[in-house]
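**Q** Show me the folded form of this:
(one chain, ligands or ions: 2)
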Amino acid sequence: MSDFSAEFSENLRSAGVVGAGGAGFPSYVKAQGKAEYALANAAECEPLLKKDQKILEYFPEKVFDGLELLMRAVGAKRGILGIKKKHERLIPRLEEMAKGRKNISVLKLGDYYPAGDEQCLVYEATGRIVPPGGIPLEVGCVVCNVETLYNAAFPGRPVTETFITVNGAVKKPATFKVPVGITWREAVDLCGGFTIKDPAFIDGGPMMGKVMTDFDAPVVKASAGIIVLPKTHPLIVRKAQSRPVFSRIGRSVCDQCSFCTELCPRYLLGHNVQPHRVMRTMLFSGGPGWSEATQFNDNVVANRRKLHSQYGLLCCECSLCSLYSCPEGLNPREACVAAKSDLRELKMGFKNSAINTGRAPEVHPVRDFRKVPVSRLVRRLGLEDYNKDAPWTEVSYKPSRVKILMSQHIGAPCVPSVKEGQKVEKGAVVGDVPADKLGCPVHASISGTVGKVNPKYVEIYA
Ligand code: SF4
Ligand code: SF4
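**A** Ligands and ions are numbered 1, 2, ... in the order given. The predicted structure is shown next:
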C-alpha cells in the first residue's frame, strides 16, 4: 500500500465512513485494495428514493473529488460514474465536469431494477463478471455509493450527518441532510407529518428495505431514506410475512414455474442462483399437518433440504423474485434468506457448497431483454400514488437528543467510549471498534451531555 493509500484509508476509518447505499460496509477496507476501475454508484434503482440524484445535483464536485481520491488510493486508471440516463438535465452537467477531471467518464444506465446492484454495475461498466461468491476487487473494480464518495472528499471529517429521502404518505416528501441519531419521527415531522392514520415504513427503499413500525428508531449513517405507507398496504403486508406463513403458502401454491429464477439478476449474470429450487425446500420441511405418505426418513429430508437450499447461497436479496416475478405472489427471496441462514448453522457457505463447481460464469444470452423497468415495478408494487419527487430541502435541524447506535456498519459493533454525564463536542468519538476487528468509530452528531450508555447505543442531550 502506498503512503497515500494508507493515509486515505486511515482518514476513512477514523471519520467512520461507511457504505451509504444501505449496506454500511466500512469504506477504508475498499481503499486498501488495488483496482483498475473505481466506480461511483449513482444508479439508485430503489423506487421513490432520491438522495443520490440530489447529492449529484447539489454537490457534484464533492462526489468527483471523492472519486479522484479513491482512484489515487487504489491505483485506478479509470473512474466511471454510473447514473440512469433518465436524469437528462443532470447528465450533461456531470459530463462537462468529468471532462475537467482526469480519466473520469459518465456511464448512462437504463431505468431498470436492480441497475444499482454492485455486480450488475460492474458488468455494465466493464463487461467483467464478479466470480460467484466473490467481490468486485477480484475483477479489478472498486464500487462506492455517491454519498460515500461525498464523505470521502472531506479527509478525516467525522460522519455526523447523513442524506435521506422521506417519501410516501407524508405531507411534503423531501430529501435533506440530518444529524445521525435523530428519530424517523423527527424526519417525518420535517416533511410536515403523516397524511395517513396508521403508518408503517420501509427503511431503505421498497425492494430491499425492511418493514418497521417504530418511528422512534434512530437514523444511522447508512440510512438512505424511508417510504411511509399505511400498515395495510399490500407491500407492507407481503414484506412483513413471517417464515411459517410464507413457507405454508409457498408449500401449497408454488407450481415450480421458475419465473423467479428466469428473471433473477444474479442468475442472468451467470451465477447459480435458482430460487425455484430453494422453494422446493418447503416440500421437505415435514412438521405438523403432514400426511404419513409425505413424511420422509429424517436424513433424506435433511439432505434434500440442504441440497436445494444451496441454490439460494448467491442470492443478493434484491426481492425481484418475490415482489415482481412470481405470478403467485410467493416469497422466494425470503426462502433464499432462510435457506442461507439454515446453511450458516451447518457451517456451509458458497465455497464449501456443491454449487461451487469452479466454472466461470457466463451471462445469460437474453439478459438484456429481461431487465425489469422501474415504471412497471412501481405499478406492480402498488406505489403509483406515492411515486412523487422528493425535492432537495435545506434543513438546519437542531435536535434536543440523539441516539447513536453502536452497530451502524458491517463488522464488529463499536464499544462505547464515553460515560454517562460526560460532555462531548460534535464529532467526538463515542464508540470504537477494537483495532483487530472490521469496523470504524461512531461520533457524536451534536454537542451536549451523554445520557444513557449501553452496548447498543449512546444517547446525547443538547
Ligand atoms: S415464480 Fe413463484 S410459483 Fe413460480 S417457481 Fe418461483 S416461487 Fe414458485
Ligand atoms: S432476491 Fe430473488 S431475484 Fe433477487 S438475487 Fe435473490 S433469488 Fe435472485
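
**Q** where does the residue nearest to residue 94 when sequence neighbours are not counted land on pLDDT?
**A** Spatial nearest neighbour of residue 94, excluding adjacent residues (CB to CB, 6 or more residues apart in numbering): residue 106 at 5.1 Å. C-betas here are computed from N, CA, C, even on glycine. Model confidence at residue 106, given as pLDDT, is 98.

**Q** Now do the contacts for residue 106.
**A** By CB atoms under 8 Å, 6 or more residues apart in numbering, the contact set of residue 106 is 80-81, 83, 91, 94-95, 98.

**Q** What pLDDT is listed against the closest residue in space to residue 425 that isn't next to it in sequence?
**A** Nearest non-adjacent residue to residue 425, counting by CB to CB, 6+ apart: residue 447, 4.9 Å away. pLDDT for residue 447: 98.

**Q** Next, the residue nearest to residue 94: secondary structure please.
**A** strand (DSSP: H, G, I helix; E, B strand; the rest coil).

**Q** and if you look at residue 403?
**A** Three-state assignment for residue 403 (three-state DSSP): strand.

**Q** can you list the residues of this protein near ligand 2?
**A** 264, 266, 273, 275, 315-321, 332-333, 336 (CB under 6 Å from any ligand atom).

**Q** Of those - the most surrounded one?
**A** Within the residues of the chain next to ligand 2, neighbour counts (other CB atoms under 10 Å) peak at residue 275, which reaches 31 neighbours.

**Q** That residue and residue 264 touch, don't they?
**A** Yes. If you go by CB atoms under 8 Å, residue 275 and residue 264 touch, sitting 6.2 Å apart.

**Q** and for the two, which residues touch both?
**A** Taking CB under 8 Å, 6+ apart as the criterion, residue 275 and residue 264 both touch 315, 321.

**Q** now, the most widely separated pair of the contacts of residue 106?
**A** Farthest apart among those by CB to CB are 80 and 91. That separation is 13.5 Å.

**Q** Tell me which of the two has more neighbours.
**A** More crowded of residue 80 and residue 91, by other CB under 10 Å: residue 80, with 24 against 17.

**Q** For that one, pull up the helix or strand it's in.
**A** Using DSSP states H and E, residue 80 maps to strand 78-84.

**Q** Does residue 305 touch residue 342 like I think?
**A** Yes. Look at residue 305 against residue 342 with CB under 8 Å: they come within range, at 7.4 Å.

**Q** Give me the more crowded residue out of these two.
**A** residue 305 (22 against 15).

**Q** For the residue nearest to residue 312 when sequence neighbours are not counted, report the pLDDT, please.
**A** Leaving aside its chain neighbours, residue 312 sits nearest to residue 336 (3.3 Å; criterion: CB to CB, 6+ apart). pLDDT, residue 336: 95.

**Q** Repeat that for residue 187.
**A** 98.

**Q** still on that earlier bit, for the strand holding residue 80, which outside residues touch it?
**A** Strand 78-84 has contacts (CB under 8 Å, 6+ apart) with 36-45, 53, 56, 63-64, 67-68, 70-71, 90-91, 94, 98, 101, 103-111, 115, 121, 124-125, 146.

**Q** CA atoms only: put the helix or strand that that strand is followed by into PDB for me.
**A** Next helix or strand after strand 78-84 toward the C-terminus (DSSP H and E): helix 90-99. The C-alpha coordinates for helix 90-99 follow below in PDB (Å, rounded to 0.1, in the frame of the first residue of the first chain):
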ATOM      1  CA  LEU A  90     -28.300  16.400 -14.800                       C
ATOM      2  CA  ILE A  91     -26.100  14.300 -17.100                       C
ATOM      3  CA  PRO A  92     -24.800  17.000 -19.400                       C
ATOM      4  CA  ARG A  93     -23.600  18.900 -16.300                       C
ATOM      5  CA  LEU A  94     -21.900  15.800 -15.000                       C
ATOM      6  CA  GLU A  95     -20.300  15.000 -18.300                       C
ATOM      7  CA  GLU A  96     -19.000  18.600 -18.500                       C
ATOM      8  CA  MET A  97     -17.500  18.200 -15.000                       C
ATOM      9  CA  ALA A  98     -16.000  14.800 -15.900                       C
ATOM     10  CA  LYS A  99     -14.100  16.400 -18.800                       C
END
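
**Q** Let me know how buried the residue lying closest to residue 227 once chain neighbours are set aside is, in neighbour terms.
**A** Spatial nearest neighbour of residue 227, excluding adjacent residues (CB to CB, 6+ apart): residue 168 at 4.2 Å. Neighbours of residue 168 under the rule other CB under 10 Å: 30.

**Q** rewinding a little: JSON lines for the contacts of residue 106, including pLDDT and distance to residue 418?
**A** Converted to JSON lines, the contacts of residue 106 look like this (pLDDT from 0 to 100; distance: CB to CB, whole Å):
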{"residue": "80", "pLDDT": "98", "distance to residue 418": "41"}
{"residue": "81", "pLDDT": "98", "distance to residue 418": "38"}
{"residue": "83", "pLDDT": "98", "distance to residue 418": "40"}
{"residue": "91", "pLDDT": "98", "distance to residue 418": "45"}
{"residue": "94", "pLDDT": "98", "distance to residue 418": "41"}
{"residue": "95", "pLDDT": "98", "distance to residue 418": "46"}
{"residue": "98", "pLDDT": "97", "distance to residue 418": "43"}
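
**Q** List buried residues within those residues.
**A** Neighbour counting by 16 or more other CB atoms under 10 Å classes 80-81, 83, 91, 94, 98 among the contacts of residue 106 as buried.

**Q** which of these lies closest to ligand 1?
**A** Using CB to the nearest ligand atom, residue 83 is the member of the buried ones among the contacts of residue 106 that lies nearest ligand 1, at 31.3 Å.

**Q** Show the subsequent helix or strand relative to the helix or strand of the chain with the lowest mean pLDDT.
**A** Using mean pLDDT, DSSP states H and E, helix 298-309 stands out as the lowest-scoring helix or strand of the chain, at a mean of 70. Next in sequence after helix 298-309, counting helices and strands by DSSP H and E, comes helix 320.

**Q** Which SSE is immediately downstream of that next one?
**A** Using DSSP H and E, the helix or strand that follows helix 320 in sequence is helix 332-345.

**Q** which parts of that next one are buried?
**A** Neighbour-count burial for helix 332-345 flags 332-340, 343 (criterion: 16+ other CB under 10 Å).

**Q** Dump these to CSV, plus distance to ligand 1.
**A** Below are these laid out as CSV (distance: CB to the nearest ligand atom, whole Å):
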residue, distance to ligand 1
332, 4
333, 10
334, 11
335, 8
336, 11
337, 14
338, 13
339, 13
340, 17
343, 19
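
**Q** and the gap between the residue nearest to residue 312 and residue 457?
**A** According to CB to CB, to the nearest Å, residue 336 and residue 457 sit 31 Å apart.

**Q** cool, residue 273 as well?
**A** Remark: distance between residue 273 and residue 457 (CB to CB) = 36 Å.

**Q** Next, the residue nearest to residue 227: phi, psi?
**A** With angles defined as degrees, to the nearest 10, residue 168 sits at phi 100, psi -140.
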